[in-house]
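In: Give me a model of this one.
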Amino acid sequence: ISALNDTKNIVKAFHAGGIDYISKPFQAEEVTARVATHLKICWQKHELQKLNDQKDKFFSIIAHDLRNPFGGFMALTEMLVDEEFDFTPEELKTMLVELNHSSINIYELLNDLLEWSQLQRGNINFNPQSLVAEDVFAESLKAIKDMAGKKKIKIILNLPEKQKIDADKNMVQTIIRNLVSNAIKFTPIEGEIRINSIEENNMLKVSINDNGIGMAPNIVENIFANDTATRRPG
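Out: Predicted structure coming up:
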């Protein structure tokens, strides 16, 4: 707010970092309205940044999920076209079955991405349904079975038989795949991952435990912070 109302001083004020300029004499109502507008713009900018961060985080999760089945798919196709290998009909059939499993997993993950984009546009709703917990987990683990096999890691699924849960299947499976694939990544060869559950206050609490390197408290605190890197060796 200034009594200087010539163009030169107004431009100078904006170059100095001002976002608005009011010349004296002024009305309190005008100042209040302008401040309210700038607060609204600031809030919208903050919300937009938050949405962009969430989108980037989600894309990194999907890329993370896709890397494993794509890696297995590429390795098998490379072996099939390599003339050094002389596979028997039985071996070829086994490899084709594995390729089929990988393609199904990739297709399901791409469907997850499509559904998420529809959700962002308001074209799909959160869809909880009655599910058998053991079946949901077993289906999720198919996508990362090869990743565990390469390190000879044993995954023990210890959930109550026919235990029903009300949940959105795609959301739950995305969480499972990421937790277990991270457990595989940071667990030594021939390690073990246990998936257990207990019923508590009408909820099913699931724990995924491994004998890997674990996480220090400062990493745990920042695990969901979009602006903090949580990668490390090991």
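
In: Just name the shakiest helix or strand of the protein by mean pLDDT.
Out: Least confident helix or strand of the chain, by mean pLDDT, DSSP states H and E, is helix 89-120 with a mean of 78.

In: Packing partners of that helix?
Out: Where contact means 3 or more Cβ pairs under 8 Å, 6 or more residues apart in numbering; DSSP states H and E, helix 89-120 is packed against helix 28-81, helix 169-185. C-beta coordinates here come from the backbone N, C-alpha and C atoms, glycine included.

In: Direction included, what does the helix or strand following it pair against?
Out: Following helix 89-120 in sequence order, the next helix or strand is strand 129-132 (DSSP states H and E). Strand 129-132 sits in its sheet next to strand 164-167 (antiparallel), going by DSSP bridges.

In: Let me know the average pLDDT across the strand it pairs with.
Out: Per-residue pLDDT over strand 164-167 has a mean of 93.

In: ok, residues contacting it?
Out: By Cβ atoms under 8 Å, 6 or more residues apart in numbering, the list of residues contacting strand 164-167 from outside reads 128-133, 136, 172, 204.

In: Could you rerun that using 7 Å?
Out: Residues from elsewhere that reach strand 164-167, judged by Cβ atoms under 7 Å, 6 or more residues apart in numbering: 128, 130-133, 204.

In: Now do the residue nearest the centre of the chain against Ser197, distance only.
Out: By Cα atoms, centre = their mean, the mean C-alpha position of the chain lies nearest to Ile61, the distance being 3.1 Å. As judged by Cβ to Cβ, to the nearest Å, Ile61 and Ser197 stand 23 Å apart.

In: Over to Val132?
Out: Separation of Val132 from Ser197 (Cβ to Cβ) stands at 12 Å.

In: on that earlier part again, distance to Ile106 added to the helices and strands packed on helix 89-120, as a markdown table?
Out: As requested, these are exported to a markdown table (distance: least, Cβ to Cβ, whole Å):
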| stretch | distance to Ile106 |
| --- | --- |
| helix 28-81 | 5 |
| helix 169-185 | 13 |
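
In: picking that back up, Val132 and Ser197: which has the busier surroundings?
Out: In this view Val132 and Ser197 are compared by other Cβ atoms under 10 Å, and Ser197 has more residues nearby, 19 against 15.

In: so what does the helix or strand encompassing the more buried one touch, helix or strand wise?
Out: Using DSSP H and E, Ser197 sits in strand 192-200. Under the contact definition 3 or more Cβ pairs under 7 Å, 6 or more residues apart in numbering; DSSP states H and E, strand 192-200 sits against strand 154-158, helix 169-185, strand 203-210.

In: let's see it at 6 Å
Out: Here strand 192-200 touches strand 154-158, strand 203-210, going by 3 or more Cβ pairs under 6 Å, 6 or more residues apart in numbering; DSSP states H and E.

In: I'd like the mean pLDDT over that strand, please.
Out: Taken as a whole, strand 192-200 has a mean pLDDT of 93.

In: quick one: contacts of it?
Out: When contacts are defined by Cβ atoms under 6 Å, 6 or more residues apart in numbering, strand 192-200 is touched by residues 154-159, 183, 204-211.

In: Let me know the closest of these to Ser102.
Out: Taking Cβ to Cβ as the measure, Ser102 lies nearest Ile155 of the contacts of strand 192-200, at 17.7 Å.

In: Could you give the bridge partners of the closest one?
Out: Counting by DSSP bridges, Ile155 is bridged to Ile193.

In: From Lys50, how far off is it?
Out: Computed as Cβ to Cβ, the Ile155 to Lys50 distance reads 35 Å.
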